[in-house]
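Participant: My questions are about this predicted structure, shown below with the sequence.
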Amino acid sequence: MKKHFLFTPGPTPIPPEALLAMAAPIDYHRSAEAVVIIKDVLAKLKHVFQTRNDVLLLTSSGTGAMEGALANLLSSKDRVIVIRSGKFGERWGEICSAYGIEFEPIDLEWGDSVHPQAVADLLDKRPDTKAVLSTLCETSTGALHDVQQLAQITRDRPTLLFVDAVSALGADDLQMDNWGIDVVVSCSQKGLMTPPGLGFAALNNRAWEAVEQANLPRFYFDFRKARDAGLKGSTPYTPAITFIIALQHALNRICSEGIRDVITRHARLAEATRSAAKAIGLELLASNPANTLTSIRLPEKIDGKAFVEMMRKKHGVTYAGGQEKLSGKIIRIAHLGWMCEHDVIIAISALERGLAEIGYDVPLGAGVTAAQETLIKGHPTQ
């Protein structure tokens, strides 16, 4: 018998009560019961976003929320800055190009995080910049950007800060209101422990003012319609009601634990995973790694694609591989969403065994020991 373990940064494991809720007979999405569910979900999402602003509910992936943010807040002659440090920072630029928005990139080596001063310097040269577009965690590398400092730079300028928190929401700290972030987008299948299919966006007052002035075309992703419908416990178009019901159960877990404690848990799991990787002689990719996932460089003699495939087929353990220029060179281990300390131990012990089986000289047990020691130190009361 083989059990399957999912350690990818989306989709992530789903709690059993959410799975069971999706197995129930489907109900009408315009019923009074649906109104109660949607209002409850939107209220709980505010806790996760750490905001008093309305959170918009979209039937889409995270990319849909990203596109919606650009279409709703920008105009055809606007100029923006795009922080490109991996595949998803580059996606911001690709969406800009699709809408004819001029952007100036800040290009970084994959695995690096932006220096906030570089953004400030560029804004000094381009004071008419409408927005800075950043990721929180660059999912393709596991690198964390300091969006708190970016917000400090933009909030006293006529420049909006857009943050793609698609993978990192609920794992890395993101205090939308306290930090003064204008736009945050995310989705369901990562830290929110629900299948792919729901996108989210939260806008502050500055951002809503931009919505009223923007002139790009929008219909399905019209944020004004989504906001007005959400206030009534509805959506402007057919919602993925089954996923919304599952999300309600997942959010119940998050809100019961409390978002601050959720983030602390993710930080502990991330530290244990990083300690383990180093203990078995592997290097981390990200210079400033996120809580969301750990990207690990593989020795050159190891075919990363083949290794990931072998671990999935032989051992039932699914890691994520590298993307584009990092394909075959790294593995990405997520410690995200419905994860506990024992999941990290499984991920590391399986990694040690898999490396040993392909002939890599790994000190068996060293990674597990390092992870255990880190986790024990993370509980000072024990």
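Facilitator: In hand now; what should we look at? Numbers count the residues shown, from 1 in each chain.
Participant: going forward, measure contacts and count neighbours with C-alpha atoms only.
Facilitator: Will do.
Participant: any idea of the pLDDT on Arg126?
Facilitator: For Arg126, the pLDDT comes out at 96.
Participant: Could you give the number of residues near it?
Facilitator: 14 (other C-alpha atoms under 10 Å).
Participant: Then Ala276?
Facilitator: 28.
Participant: all strands of the stretch 201-350 of the chain, in order?
Facilitator: Under the criterion DSSP state E, counting those that start in this stretch, the stretch 201-350 of the chain carries strands at the ranges 283-284, 293-297, 317-318, 320-321, 330-334.
Participant: Let me see the domain layout of the chain.
Facilitator: For the chain, automatic domain parsing gives the domain ranges 5-10+259-377, 16-257.
Participant: where's the longest one relative to the chain centroid, distance-wise?
Facilitator: Domain 16-257 has its average C-alpha position 10 Å from the chain's average C-alpha position, going by C-alpha atoms, centre = their mean, to the nearest Å.
Participant: Just the helices from the stretch 101-250 of the chain, written as ranges.
Facilitator: With DSSP state H, counting those that start in this stretch as the criterion, the stretch 101-250 of the chain has helices at 116-125, 147-154, 176-179, 205-213, 223-231, 241-257.
Participant: Quick one: those as JSON lines, columns for distance to His29 too.
Facilitator: Output for these, formatted as JSON lines (distance: least, C-alpha to C-alpha, whole Å):
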{"stretch": "helix 116-125", "distance to His29": "44"}
{"stretch": "helix 147-154", "distance to His29": "36"}
{"stretch": "helix 176-179", "distance to His29": "30"}
{"stretch": "helix 205-213", "distance to His29": "27"}
{"stretch": "helix 223-231", "distance to His29": "13"}
{"stretch": "helix 241-257", "distance to His29": "6"}
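Participant: rewinding a little: dump the strands of the stretch 201-350 of the chain to JSON lines, plus distance to Ala214, mean neighbour count and mean pLDDT.
Facilitator: JSON lines is the format used below for the strands of the stretch 201-350 of the chain (distance: least, C-alpha to C-alpha, whole Å; neighbours: other C-alpha atoms under 10 Å; pLDDT from 0 to 100):
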{"stretch": "strand 283-284", "distance to Ala214": "42", "mean neighbour count": "19", "mean pLDDT": "98"}
{"stretch": "strand 293-297", "distance to Ala214": "35", "mean neighbour count": "26", "mean pLDDT": "98"}
{"stretch": "strand 317-318", "distance to Ala214": "43", "mean neighbour count": "22", "mean pLDDT": "98"}
{"stretch": "strand 320-321", "distance to Ala214": "38", "mean neighbour count": "23", "mean pLDDT": "98"}
{"stretch": "strand 330-334", "distance to Ala214": "37", "mean neighbour count": "27", "mean pLDDT": "98"}
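Participant: Figure out which of the ones you listed is closest to Ala168.
Facilitator: When these are compared by C-alpha to C-alpha, strand 293-297 sits nearest Ala168, at 8.8 Å.
Participant: Report the strands that pair with that closest one, each with its relative direction.
Facilitator: strand 283-284 (antiparallel), strand 330-334 (antiparallel) (DSSP bridges).
Participant: List the contacts of Thr318.
Facilitator: His4, Phe5, Leu6, Phe7, Thr8, Val308, Met311, Arg312 (C-alpha atoms under 8 Å, 6 or more residues apart in numbering).
Participant: quick revisit: which of the helices of the stretch 101-250 of the chain sits closest to Ala131?
Facilitator: That would be helix 147-154 among those, by C-alpha to C-alpha, at 8.4 Å.
Participant: these two touch, right, Arg84 and Leu108?
Facilitator: Yes. Counting by C-alpha atoms under 8 Å, Leu108 is a contact partner of Arg84 at 6.2 Å.
Participant: More neighbours: which of these two?
Facilitator: The neighbour comparison of Arg84 against Leu108 (other C-alpha under 10 Å) goes to Arg84, with 25 against 15.
Participant: Quick check: pLDDT value at the nearest residue to Thr139 once chain neighbours are set aside.
Facilitator: Using C-alpha to C-alpha, 6 or more residues apart in numbering and skipping residues adjacent in sequence, the residue nearest Thr139 is Ser167, 6.5 Å away. pLDDT, Ser167: 97.
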